Structure formats: structure tokens, C-alpha cells
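Novice: For reference, the sequence and a predicted model appear below.
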Amino acid sequence: MPEQDAPAQHRYDAVIVGGGHNGLVAAAYLARAGRSVLVLERLGTTGGAAVSTRPFAGVDARLSRYSYLVSLLPRKIVQDLGLEFAVRKRTVSSYTPAVRDGRATGLLVGGDGTRDSFAALTGGDREYEAWQRFYAMTGRVAERVFPTLTEPLPARDVLRARIDDPDAWRMLFEEPIGVAVEENFSDDLVRGVVLTDALIGTFADAHDPSLVQNRCFLYHVIGGGNGDWDVPVGGMGALTDALARAAREAGAEIRPLHEVTRIETDGTHAEVTVRSSGAQQVIGARRVLVNASPQALAALLGEEPPAPAEGAQLKVNLLLTRLPRLRDHTVDPRRAFAGTFHIAEGYGQLADAYRDAAQGRLPAAPPSEIYCHSLTDPSILAPGLTASGYQTLTLFGLHTPARLFAADNDAARAELLKATLAELDAHLDEPIADCLALDENGAPCIEAKTPLDLERDLRLPGGHIFHRDLAFPHATESTGRWGVETAHANVLLCGAGAVRGGGVSGVPGHNAAMAALGR
């Protein structure tokens, strides 16, 4: 007998579809404003991609499995919601190994030795001084742009006037970022380090005329108003657990294992169909906030989906018994891995990798970046592991679009992982495999996720970590007042696909709540 929808149950002021971090932010704001709020989450736990898990059998290492750093979360949200959540600064910004004249060397950015490191790599002060000028410029932009993320969307001309720097506006908003990189820097390795912020989670060339790489770069350098990338104490799950507590304490109801299958609305009232334990029910709401992708929103409304999205990253988690020794003996591995450790990310290498992938091949020399969470925050490891010298590594590979895995995801994943680790090994005095911990079954503690794996596990469209290409943080003809509005007056998009979405920020959740409250 076919199932019949039950009559609409209790009507809430707001039903939030999805218990990821943005949905929890929206729930907490709305509940604190006295609204009745229900959060419906498909999975058994809240958090979405911002979770901490123990991925290796029998090993007490709680890793940030998917998203892993915090930069874009405004202090305002932390304070408004009274979140019991802390971050720590990394002691080093980045280290990039290189070989010059047959000698292992590298560029260490952060701390008192930065100028000397530039001079040793490039033979003078020119690149260091250019670096200082360029990032002073992005710092000024960050100070002016970041506070606007939790305000109504400014008009383009208003944002340009607020930045008040014609050269910065040209470099970041009007010309492909490759122009600025090539104008300001001459060393290939330095150029590559700068460009990586334009490519994390984005498949593009430095000179892509769409400027999608510029938008990615902007969001990576404005975080916190200073561009710092902070480590969440306790892992990403500590943040989303704090958000869930804040939402519940404010009065929001959270139901895990409840999958929303349909939304119907007349613009004033909505009915949300939800399935749980094989049963189906309909829940009434004045407003619906969707913490899912634009593709998922269209499917729930029975509407034409937007253009397909495509992710382009490899995510690898590793647990080591010790950090590997470097071929560059002048740098302590604890310093090299404390920040972002760049692999195969010279400017020319990034262009080659993009060209390979655009032509349908896995990159011959896959670019990636790595960092060690446990150096800054050892609390994610059991005390016994920390005492024994264990460390975590998180690797994020670039220029690996979902299309490369379509024919055989498992085989392509294995091939890409092998090639990526080989690029890392080229700068180590010992293979990374020799440092891997073993789980209780004797298997190496390493896991890799392709875009197709992320689509399967998290329903990210095409494995795209931002749900779709990022947008500049200003209004256009197609955006609403807050960048979260849809064609339906009482349905709002509060996920990463909203304008000013992407990353772990809570900004779309905050902005959807403000739109719902009429602020």
C-alpha cells in the first residue's frame, strides 16, 4: 500500500533543513529572538562537513575529517551566541620546500626568520619587500570587507568606495589574479605560494576571465579582518557541538535522522515533508531555511536545478607516529608542518597541473598543501598518543576535478594518492609511509576522499566544498538584500551556496536569520 502523507503537524515559525554549522547558527539566532525553531537533519549527528571523527579503527585520534580550519567565522557570531569555543594561532604561516642549484631549501613564512628565508631562496630582498607590500594591501582590504559580511549586501560601488584603493580593487575585483601575481613577484615559487589561496576548492587557471579564482582568493585573505587561518581547539566538531548547544539552550528543537524530501510553499506558509524511520510526516512552517546546496533546494521545491557544480580537491587524513625528516635540514619539521606545507605548488607547476586536469588527465605532479593540527592543538589526540610523539596531517590536493574520477573512482583515487605522496616524499629524508601509524587491524592510518566521495558522503554537488562557485561579496541584480533570498518570500538559502557563503563561517546562517527576522 503506498504511503500517505500525514496531516501537517505543529506549525513552527522556522523549519531549518540541515543541521550543518550554518543551519545551527540560524537556529540559535532565531530561537534567541523568541521564534519557535525546528532543525531537521538527515544524518545521525549535526555538524555536516564541520565534524570531528575517529576515522581509524581502535585509535583515539579525533580528526577534523572534512573542513579543518577556521578563518571566516566572525567574532560577532561567537559573541552573539555565547559560544564556548576557542581557536589558536599557528606559529608559522607556511613552508614551501624547493630545490635550488641541486640543494634542498625552502621558503618559511612566519616569525622573525621570514626575511632571511626569502633572501636565502631568492638571493635578495626584492621578493620579501614585494610580499610585504602585497599582503599589506590585502590586509587593508580585509579590514574593510570582512565586517560587511554580516551586514546587508553592499552595492558594488559602495564596496569599492569602502575599500578606497583603486589598485587593490583592480587587482582583486577586475583583473585575473594572475596579473597581480606576475606584476608583483618574479620568483616562480613565491608566485605559486601566493596563487594557492585562489585555487583552494576552485578549479581555475590564474588568468581565468570569469575571475572565479579572484573570488576564492578574496575569501581566503579577508578572514577575521586579517587573513589569519586559525586552528579550532578540539577540532571542527568542537565548534559545531558548541553551536548545537547554543541552539538547544535558546529553545530550538533538533531532530537527527529526519530527512526532508519536499517543500511546498505559497510564499506565506510552507509545508515540509520529512521522512524518519520509514514514516513520513508533514510539518508546517511560516519560513523554511535550507542549509543545503542550491541543487538540493531546487529538488526539494520541484524546480529546475541550477547549473551543475564540480568540486576539484582531494582530502587526505593521516596519523603519524612521528613527523618525517626533511631534506632541508635547516628547518625543524615541527616548524615546517605547523603552518601550510606546500607541495608541487610553484607557479609553473600549478599551471601544468591545471592543464593536465583540463585535458582530462590526473596531474602528473599533483599540487597539495598540508598542515599538522596536533602541533597547535594536541587535544585532538589521546594523551598516550601525544606522549609517544604521534601527529596528524591533513592534506588538501588541488586541480583534481570530479570528472577525473567518473570512470573509476576507486582506481583514480588510488593513483592520485600514490602520486601525491610521491611529490611529498621528494622533499623528505624518509618516505611518509614509514611514519604512518597503524590501526587496530594493522592497516595504515590514512584515508582519502575525492569529490565523488564527498558528494556521496555529504551530498556536496559534484563534491564542491562551496556548493557552487563563490560570488563577490556585493549585491548584483540577482541577489536579495542579504544574499540568501530565493524566488519564494518565505524560503531562504542558509548554506554555503548563498552569497558570501563557502568555508566555515556561519555567515549564511547569520544572514538568513537576519532576513527571516526582517532586520
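Specialist: In hand now; what should we look at? Residues are numbered from 1 along each chain as shown.
Novice: give me phi/psi at Tyr371?
Specialist: phi -150, psi 160 (degrees, to the nearest 10).
Novice: What's the per-residue pLDDT of the closest residue in space to Leu199 that isn't next to it in sequence here?
Specialist: For Leu199, ignoring the flanking residues on the chain, the nearest one in space by CB to CB, 6 or more residues apart in numbering is Leu398 at 5.1 Å. (Each C-beta comes from the backbone N, C-alpha and C, glycine too.) Leu398 is assigned a pLDDT of 98 by the prediction.
Novice: Leu398 touches Ala351, doesn't it?
Specialist: No: at 11.8 Å, Leu398 and Ala351 do not qualify as touching, with contact defined as CB atoms under 8 Å.
Novice: For those two, indicate the residue with more neighbours.
Specialist: Leu398 (26 against 17; other CB atoms under 10 Å).
Novice: quick one, phi/psi of that one?
Specialist: In terms of degrees, to the nearest 10, the main-chain angles of Leu398 are phi -110, psi 170.
Novice: separation between it and Phe405?
Specialist: Distance of Leu398 to Phe405, computed by CB to CB, to the nearest Å: 15 Å.
Novice: do the same with Cys435
Specialist: According to CB to CB, Cys435 stands 27 Å off from Phe405.
Novice: Show me which of these two is the more surrounded one.
Specialist: For the pair Cys435 and Phe405, the greater number of neighbours falls to Phe405 (23 against 20), based on other CB under 10 Å.
Novice: the helices in the stretch 101-250 of the chain, which residues?
Specialist: Here the stretch 101-250 of the chain has its helices, by DSSP state H, counting those that start in this stretch, at 114-122, 126-145, 156-163, 166-169, 177-184, 188-195, 212-221, 236-250.
Novice: what would these look like in CSV with mean neighbour count and mean pLDDT?
Specialist: Output for the helices of the stretch 101-250 of the chain, formatted as CSV (neighbours: other CB atoms under 10 Å; pLDDT from 0 to 100):
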stretch, mean neighbour count, mean pLDDT
helix 114-122, 17, 95
helix 126-145, 17, 97
helix 156-163, 14, 98
helix 166-169, 14, 98
helix 177-184, 19, 98
helix 188-195, 23, 98
helix 212-221, 24, 97
helix 236-250, 23, 96
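Novice: so can I have CSV of those helices showing distance to Gly442?
Specialist: Below are the helices of the stretch 101-250 of the chain laid out as CSV (distance: least, CB to CB, whole Å):
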stretch, distance to Gly442
helix 114-122, 40
helix 126-145, 46
helix 156-163, 55
helix 166-169, 54
helix 177-184, 46
helix 188-195, 38
helix 212-221, 39
helix 236-250, 27
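Novice: for those helices, which one sits closest to Ser478?
Specialist: helix 156-163 (12.8 Å; CB to CB).
Novice: Flag the shaky bits of this structure, pLDDT-wise.
Specialist: 1-10 (pLDDT under 70).
Novice: Excluding its own residues, what touches stretch 261-270? List them.
Specialist: 11, 15, 17, 271-275, 280, 284-288, 290, 300-302, 488-491 (CB atoms under 8 Å, 6 or more residues apart in numbering).
Novice: Which ones among these map onto strands?
Specialist: Under the assignment DSSP state E, the contacts of stretch 261-270 contribute 11, 15, 17, 271-275, 280, 284-288, 290, 491 to strands.
Novice: Please check those and keep the buried ones.
Specialist: Neighbour counting by 16 or more other CB atoms under 10 Å classes 15, 17, 271-275, 285-288, 290, 491 among the ones in strands among the contacts of stretch 261-270 as buried.
Novice: hang on, Val99 in a strand?
Specialist: Yes: judged by DSSP: H, G, I helix; E, B strand; the rest coil, Val99 forms part of a strand.
Novice: what's the nearest residue to it once chain neighbours are set aside in contact with, if anything?
Specialist: Spatial nearest neighbour of Val99, chain neighbours left out: Thr105 (7.2 Å); criterion: CB to CB, 6+ apart. Listed by CB under 8 Å, 6+ apart, the contact set of Thr105 reads Pro97, Ala98, Val99, Ala120, Leu121, Asp328, Thr330.
Novice: let's see 10 Å
Specialist: Thr96, Pro97, Ala98, Val99, Ser117, Ala120, Leu121, Leu189, Arg327, Asp328, Thr330, Val331 (CB atoms under 10 Å, 6 or more residues apart in numbering).
Novice: Also Met236?
Specialist: Listed by CB under 10 Å, 6+ apart, the contact set of Met236 reads 21, 47-53, 62-70, 373, 380, 504.
Novice: State the distance from it to Gly227.
Specialist: Distance, Met236 to Gly227, by CB to CB: 20 Å.
Novice: same deal with Trp131?
Specialist: Separation of Trp131 from Gly227 (CB to CB) stands at 13 Å.
Novice: Ok, His427 next?
Specialist: 26 Å.
Novice: nearest to Pro508, of the buried ones among the ones in strands among the contacts of stretch 261-270?
Specialist: Pro508 has its nearest neighbour among these in Val290, at 10.2 Å by CB to CB.
Novice: what about Gly267, neighbour count?
Specialist: Number of residues near Gly267 (other CB under 10 Å) recorded here: 10.
Novice: now the one 3 residues further on
Specialist: Using other CB under 10 Å, Ala270 has 24 neighbouring residues.
Novice: how much space between it and Ala298?
Specialist: Noted for Ala270: a distance of 15 Å to Ala298, by CB to CB.
Novice: Val233 now?
Specialist: To Ala298, Val233 is 38 Å away according to CB to CB.
Novice: same question, Arg62
Specialist: From Arg62 to Ala298 the distance is 35 Å (CB to CB).
Novice: how much distance is there from the helix or strand harbouring Arg456 to the middle of the chain?
Specialist: Per DSSP states H and E: Arg456 is located in helix 451-458. Distance of helix 451-458 from its chain centroid, counting by CA atoms, centre = their mean, to the nearest Å, is 14 Å.
Novice: buried set for that helix?
Specialist: By 16+ other CB under 10 Å, the buried positions in helix 451-458 come out as Pro451, Leu452, Asp453, Leu454, Glu455, Leu458.
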